[in-house]
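> Attaching a predicted model along with its sequence, questions to come.
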Amino acid sequence: MTGIMGLSRKNSVVLTIRDADVVGAALRRALAEASPEERPGLERAAALVEATAAASEGELRARWVRSRLAAVGFTGDITSVSAVRALRQAAPELSLLAAVQLQKEAAARPE
């Protein structure tokens, strides 16, 4: 997921951009031209892209939150105040409100 967060301090927008269809199409083209040795790997990659593309926007945001928390070394409780602090450290452009909303969404969607 690619996100654009907190375009301004008053704006708590998280934009989800999905490009799985582009990746899937590229994999299908590669699969059509693949040698027998390449096919199993490309088929597996295509299946993974399809499974990922089925994720909801909430699931993508939750995954993004967890990846940002991991990037700053946060390993605590995702529902804690410390998690909000760590999220804002990882993405300083987030407003407090946006960080709390994202935290709640991630907590509601266990890994």
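Sure thing, it's come through.
> Which helix or strand contains Glu43?
helix 39-53 (DSSP states H and E).
> Pull the distance from the helix or strand harbouring Ser67 to the chain's centre.
Per DSSP H and E: Ser67 is located in helix 57-71. On the basis of CA atoms, centre = their mean, to the nearest Å, helix 57-71 sits 5 Å off its chain's mean C-alpha point.
> What's the separation between the most centrally placed residue in the chain and Pro92?
With distances taken as CA atoms, centre = their mean, Trp64 lies nearest the centre of the chain, 3.6 Å away. Computed as CB to CB, to the nearest Å, the Trp64 to Pro92 distance reads 15 Å. No exception for glycine: its C-beta is placed from N, CA and C like everyone else's.
> Show me what counts as buried in stretch 87-95.
Leu87, Arg88, Gln89, Ala90, Ala91, Leu94, Ser95 (16 or more other CB atoms under 10 Å).
> ok, so of the residues you listed, who is nearest Ala106?
Leu87 (8.8 Å; CB to CB).
> Distance-wise, check that closest one relative to Gln101.
From Leu87 to Gln101 the distance is 11 Å (CB to CB).
> what's the answer for Leu42, then?
Counting by CB to CB - Leu42 and Gln101 are separated by 38 Å.
> Flag the shaky bits of this structure, pLDDT-wise.
1-17 (pLDDT under 70).
> try 80
1-18, 111 (pLDDT under 80).
> which other helices and strands contact the helix holding Glu43?
helix 20-32 (3 or more CB pairs under 8 Å, 6 or more residues apart in numbering; DSSP states H and E).
> and the helix it packs on, how far out from the chain's middle?
For helix 20-32, the distance to the chain centre is 20 Å (CA atoms, centre = their mean).
> which helices and strands does it pack with?
helix 39-53.
> Pull the residues that contact the helix it packs on.
Outside helix 39-53, the residues that touch it by CB atoms under 8 Å, 6 or more residues apart in numbering are Arg18, Ala20, Asp21, Val23, Gly24, Leu27, Arg28, Ala30, Leu31, Ala34.
> what residues are up against Pro36?
No contacts exist for Pro36 under CB under 8 Å, 6+ apart.
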